[in-house]
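**Student:** Provided below for reference: sequence and predicted model.
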Amino acid sequence: MDRGFHSVRPEDFPWSHADIKAALIAETAGKCAYCEARMLAVSFGDIEHIYPKSMFPELVVSWNNLTLACSGCNQRKSSKYDASSEFINPYVDDPAEHLFFLGPAVYERTNRGMYTIVELGLNDIPRIEARMRAIENAANLVARFQAATDDTTKSMLWRLIDSVLQGGEYTAAVSTYVSAAIQPASSS
Ligand SMILES: [Zn+2]
């Protein structure tokens, strides 16, 4: 079985096994669990310990404590941990209870939401710009969907919009945009 780099001893980094990484990539569709960036085109992606391994060594190989993060989020989060205002855990928390999106920017509903935004730099300019590009891509599809006059084109465009909502980057921001843009005509 391929254990990756031969200088890495599995007993030192048991969570870094290639099979674990592959499973995490499949589970997250290659997206960072925190910022929803799809990072595999430009980096390997980091195995992230939701509860820092330095403070919670008993969770170091617990599957429920592992996810995939971009190097930006992983480095910002590092071993930070605040028991009174924990980072939002996308596996056990409902992020919508703590965060909401207005366009490409994210805002807090709770202290934990604010802690997560500030500590992970979720409103840093490059991240706002990346979400803006994802929203513009969705807006283009929505405009074509709304302008389409035949059912075949409409259904094809809807499938494209749906695939962006299911597997694309920044789906929290993009889905907020799409649901605001596609209002039932009867409501006006
Ligand atoms: Zn990230």
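**Tutor:** Yep, that arrived. Predicted, not measured: the structure shown is a model, and the values here were computed from it.
**Student:** Output the lowest mean pLDDT helix or strand found in this protein.
**Tutor:** Per-element confidence for the chain was summarised using mean pLDDT, DSSP states H and E. The lowest value among helices and strands belongs to helix 18-28, with a mean of 90.
**Student:** Mind giving me the packing neighbours of the helix or strand following it?
**Tutor:** Remark: after helix 18-28, the chain's next helix or strand is strand 46-49, criterion DSSP states H and E. Based on contacts counted as 3 or more Cβ pairs under 8 Å, 6 or more residues apart in numbering; DSSP states H and E, the elements that strand 46-49 packs against are helix 18-28, strand 66-69, helix 71-77. Just so you know, the C-beta spots here come from the backbone N, C-alpha and C atoms, and that holds for glycine as well.
**Student:** which of those is buried the deepest?
**Tutor:** strand 66-69 (a mean of 24; mean count of other Cβ atoms under 10 Å).
**Student:** and Cys32, what does it touch?
**Tutor:** For Cys32, the contacting residues are 38-39, 45, 68-70, 72-73, by Cβ atoms under 8 Å, 6 or more residues apart in numbering.
**Student:** Which pLDDT does the model give the spatially most central residue of the chain?
**Tutor:** Within the chain, one residue has its C-alpha closest to the average C-alpha position: by Cα atoms, centre = their mean, that is Glu36, at 2.1 Å. Predicted confidence (pLDDT) for Glu36: 95.
**Student:** got it, and the one 5 residues further on?
**Tutor:** Ala41 is assigned a predicted lDDT (pLDDT) of 84.
**Student:** those strands in the chain, which residues are they?
**Tutor:** 46-49, 66-69, 99-102, 105-108 (DSSP state E).
**Student:** ok, back up a step: which neighbouring elements make contact with the least confident helix or strand of the chain?
**Tutor:** Secondary structure elements in contact with helix 18-28, counted by 3+ Cβ pairs under 8 Å, 6+ apart, are strand 46-49, strand 66-69.
**Student:** Restricting to C-alpha, output it in CSV.
**Tutor:** As requested, the backbone C-alpha atoms of helix 18-28 are provided in CSV (Å, rounded to 0.1, in the frame of the first residue of the first chain):
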residue,chain,number,x,y,z
ALA,A,18,-3.3,8.7,1.7
ASP,A,19,-6.6,6.8,2.1
ILE,A,20,-7.8,9.2,4.7
LYS,A,21,-6.9,12.2,2.5
ALA,A,22,-8.7,10.6,-0.5
ALA,A,23,-11.8,9.9,1.6
LEU,A,24,-11.8,13.5,2.9
ILE,A,25,-11.4,14.9,-0.7
ALA,A,26,-14.4,12.8,-1.8
GLU,A,27,-16.5,13.8,1.2
THR,A,28,-15.8,17.5,0.7
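**Student:** Thanks a lot, see you next time.
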